[in-house]
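Q: Just to be clear, the model below is a prediction. Sequence and coordinates:
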Amino acid sequence: MQISFVIHDLKSLEFFSGILANMIHKGDYILFHGEIGAGKTTLIKFIAKSMGINERYVSSPSFVIINEYKKDRLKIFHIDIYRLGENTSISDVGLDDYYLEEGIVFIEWAEYLNDLEKNKGLHLKMEILENEGRKLTLSSNDPTWFERLEKLQKINLL
Ligand SMILES: Nc1ncnc2c1ncn2[C@@H]1O[C@H](COP(=O)(O)OP(=O)(O)O)[C@@H](O)[C@H]1O
Ligand SMILES: [Mg+2]
């Protein structure tokens, strides 16, 4: 299933992220696609903020590859695999299935994941339109996302 939206500015991206954040729970795996500057880190910051994480702690993990945020007992893993190149596996950054089940995983530069791991979770692609405009395309082969995507499809971004 696939849906897409046009976001006109950062404000509407923040609004969208608040709705998405409310749908995310333990075990979710979200794969972000898009060129440098598309807004992947910005969107993850907004989602984390909506989940109650102090945005000061959310930064691009390009240099450290993985950042970890905690909210109550929930752990969020924010990974950027750009520097690891093509065909990367989640285990290359030290995460195994335990973390995938017990936390929430956000992956920037999901184009570089191996095919097996690319098949899971929610894919969120960001494309630059002009100025602050972005096209967001959300897709998943995972049935646990179908109902959530249907709900998202009904939101009015204004
Ligand atoms: N609608 C928008 N969505 C996301 N980022 C936007 C938007 N409009 C402007 N920007 C700006 O574009 C830049 C995106 O950078 P970043 O989030 O680091 O991208 P990425 O992680 O994809 O490389 C930020 O400076 C952000 O403020
Ligand atoms: Mg980034």
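A: Sure, I can see it. Numbers count the residues shown, from 1 in each chain. Ligands and ions are numbered 1, 2, ... in the order given.

Q: Run through the residues that contact the residue of the chain found nearest ligand 1.
A: Closest to ligand 1 within the chain is Gly39: 2.4 Å, counting by CB to the nearest ligand atom. All C-beta atoms are positioned from the backbone trio N, CA, C, and that covers glycine. Contact analysis of Gly39 by CB atoms under 8 Å, 6 or more residues apart in numbering lists Leu13, Met126, Ile128, Arg134.

Q: hey, what's the third one bridged with?
A: Taking DSSP bridges, one obtains Arg134 as the residues bridged to Ile128.

Q: now Ile66
A: Beta-bridge partners for Ile66, by DSSP bridges, are Ile79.

Q: Show the pLDDT at it.
A: On the pLDDT scale, Ile66 is placed at 76.

Q: That one contacts Gly94, doesn't it?
A: Yes. In this structure, Ile66 is within contact of Gly94 by CB atoms under 8 Å, at 7.2 Å.

Q: neighbour-wise, which of the two wins?
A: Using other CB atoms under 10 Å as the criterion, Ile66 and Gly94 rank with Ile66 on top: 15 against 11.

Q: related to what we said a few turns ago, widest-spaced pair of the contacts of Gly39?
A: Leu13 and Ile128 (12.3 Å; CB to CB).

Q: which one of these two has more residues nearby?
A: Each of Leu13 and Ile128 has its neighbours counted (other CB under 10 Å); Leu13 has more, 21 against 14.

Q: can you pull the contacts of the more buried one?
A: Contacts of Leu13 by CB under 8 Å, 6+ apart are Ile7, Gly39, Thr42, Leu43, Phe46, Arg134.

Q: Drop anything exposed from the residues you listed.
A: Among the contacts of Leu13, the ones that count as buried by 16 or more other CB atoms under 10 Å are Ile7, Gly39, Thr42, Leu43, Phe46, Arg134.

Q: which ones among the residues you listed are found in strands?
A: Residues of the buried ones among the contacts of Leu13 located in strands (DSSP state E): Ile7, Arg134.
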